[in-house]
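[1] Mind folding the following:
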Amino acid sequence: MMRHVTPGAPIRRLDVAIAVVLSLLGLALMVMNVIGPDIEANVFAIPAFLVVTAPLLWCRAAPLLALAALLAAFLVHALLFPHLVRCGVMFAAMYLLVFMAASREDLRTSLIALGLGFVTVFAVSQTDFFLDIGIVPAFSAVALVLWGIGRVVHSRARMAETLRARTHELRDARDERARLEVKTDRVRLSAELDELLQRRLAELGRMADRGAPAGDAATATSTLVEIERAGRRTLEDMRAIVGVLRADDTGAPTAPAPTLTHLEALVMRARGEHARLEVQGSPRALPAGVELSAYRVVEHLLDALQEAPDVEVRVRFGDDALELAVSGPSRRRLDAAAVERARERLRLHRGTLDATLLEGRAVAVATLPLSAV
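    Residues are numbered from 1 along each chain as shown. Model prediction:
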């Protein structure tokens, strides 16, 4: 359905331009009436005519009301200043408003505007100095033609509005179809995830059942390492599939969880080329939860140093514990919030954290027990 402009709609620059142009023409016409030798006109008819053309400001916002106001103001002006020439401006203004009403309003409103146009033609013919009633059919016919053109414009506008609405409906239907296809893909991926999980768990079970001969520690260690690697691979595959199943706007990460092997990249990214990472003891693969917590602890402790340069990170693999030490220059205490986040991570594994500030250098030492793992 076509959207109609209400009287409360704002007046635009084009409306002002139309009103100004016709007002200037009207003033010029009134000046010619005053100075002309054949017409006796009062000089006050010149500024008073601005009241007649003022309704043109609403020629698009409310054409029917503007036409009614134009006719009323004209009748008052004709009563106060009779036998003047006003037809040039009055017919132009009336034709404009009839066309606007026909092109922007519904049929009933546009027919009322056409009727007011006929009344305006009759009123001008009876009050204009040079006109008589004989001009009514010709000028009324012009109004009728302009009204018909306006109705064609109105019909085209409604057709365009309908096409836009249909386009929106088709776009919504296309989007809904795409959502259904996405849901279908999610169901398929869920089935694949279930199949993958069952297959991988069966493989892990067969590895565990195979075991190793009694007293063969090397084979047992190799089997455990193989199980651990297969478990990691399973978790990464599951994480990738679950990441696809997540909504696009969740922002949840889908990359594999960081481990101790990513510490060097973390330190270099956080503190640049002046940072140092030292690994002591016998490096080995630890359970995924322990490695993730160790990585996060170092990350939080680096944040606690508040952009301090010359940072040292030391990782020591002990028999029963993993020790993480982060140190760097600092003129004030470590960031309490970052230290507390590190403590919360350590509590998950019954670890400890000792943070001190000695001689302008902050040192934080975290311990993760491995015996309970």
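
[2] Which residue ranges of this structure form strands?
    Assigned by DSSP state E, the strands in the chain fall at 276-281, 312-317, 321-329, 352-358, 361-369.

[3] where do the helices sit along the stretch 101-250 of the chain?
    107-127, 136-210, 217-245 (DSSP state H, counting those that start in this stretch).

[4] then stretch 135-149 to CSV, C-alphas only?
    Listed next in CSV are the C-alpha coordinates belonging to stretch 135-149 (Å, rounded to 0.1, in the frame of the first residue of the first chain):
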residue,chain,number,x,y,z
ILE,A,135,-13.2,30.0,-19.8
VAL,A,136,-14.4,27.5,-17.2
PRO,A,137,-14.7,24.4,-19.5
ALA,A,138,-11.3,24.8,-21.0
PHE,A,139,-9.4,25.4,-17.8
SER,A,140,-11.4,22.7,-16.0
ALA,A,141,-10.4,20.3,-18.7
VAL,A,142,-6.8,21.1,-18.1
ALA,A,143,-7.3,20.4,-14.4
LEU,A,144,-8.9,17.1,-15.3
VAL,A,145,-6.0,16.1,-17.6
LEU,A,146,-3.4,17.0,-14.9
TRP,A,147,-5.5,15.0,-12.3
GLY,A,148,-5.5,12.0,-14.7
ILE,A,149,-1.7,12.2,-15.1
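
[5] quick revisit: most tightly packed of the helices of the stretch 101-250 of the chain?
    Neighbour counts (mean count of other C-beta atoms under 10 Å) averaged over each of those peak at helix 107-127, with a mean of 18. Yep, even glycine has a C-beta here, placed from its N, CA and C like the rest.

[6] check contacts around G281.
    By C-beta atoms under 8 Å, 6 or more residues apart in numbering, the contact set of G281 is 316-318.

[7] change it to 10 Å
    Applying C-beta atoms under 10 Å, 6 or more residues apart in numbering to G281 gives the contacts 315-319, 322-323.

[8] now swap in V152 and tell me
    102-103.

[9] redo that, cut-off 6 Å
    By C-beta atoms under 6 Å, 6 or more residues apart in numbering, no residues touch V152.

[10] What pLDDT does the model give it?
    V152 carries a pLDDT value of 95.

[11] now swap in V124 and tell me
    Value for V124, per-residue pLDDT: 91.

[12] who wins for proximity to F99 among the strands of the chain?
    strand 321-329 (79.1 Å; C-beta to C-beta).

[13] got the angle for that closest one vs strand 361-369?
    170 degrees (axes from the mean of the first three to the mean of the last three C-alpha atoms, to 10 degrees).

[14] what's strand 321-329 in contact with?
    The contact list for strand 321-329 (C-beta under 6 Å, 6+ apart) reads 297-298, 301, 305, 308, 310-316, 361, 363-370.

[15] Filter these down to just the buried residues.
    By neighbour count, with 16 or more other C-beta atoms under 10 Å, these hold 297-298, 301, 305, 308, 311-313, 315-316, 363-370 as buried.

[16] coming back round to it: export the helices of the stretch 101-250 of the chain to CSV and tack on distance to L96?
    Shown next, in CSV, are these (distance: least, C-beta to C-beta, whole Å):
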stretch, distance to L96
helix 107-127, 10
helix 136-210, 9
helix 217-245, 61
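
[17] Pop the domain breakdown of the chain in here.
    13-166, 188-245, 260-369 (automatic domain parsing).

[18] Confidence-wise, which of the ones you listed is weakest overall?
    Taking the mean pLDDT of the domains of the chain, domain 188-245 comes last: a mean of 68.

[19] start to end distance for stretch 346-357?
    From its first residue to its last, stretch 346-357 covers 20 Å (C-alpha to C-alpha, to the nearest Å).

[20] Let me fix that, I meant to ask about stretch 76-92.
    Across stretch 76-92, first to last residue, C-alpha to C-alpha, it's 19 Å.

[21] rewinding a little: need the domains of the chain in a markdown table (columns: distance to E181).
    Output for the domains of the chain, formatted as a markdown table (distance: least, C-beta to C-beta, whole Å):
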| stretch | distance to E181 |
| --- | --- |
| domain 13-166 | 22 |
| domain 188-245 | 11 |
| domain 260-369 | 35 |
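
[22] For D175, find the nearest of those.
    Once the domains of the chain are compared by C-beta to C-beta, domain 13-166 is nearest, at 14.9 Å.

[23] from the chain's centre, how far out does the closest one sit?
    How far domain 13-166 lies from its chain's middle: 45 Å, per C-alpha atoms, centre = their mean, to the nearest Å.

[24] Check the spacing between the nearest residue to L75 once chain neighbours are set aside and H77 real quick.
    Nearest residue to L75, sequence neighbours excluded (C-beta to C-beta, 6 or more residues apart in numbering): A123, at 6.3 Å. Look at A123 and H77: by C-beta to C-beta, to the nearest Å, they are 11 Å apart.
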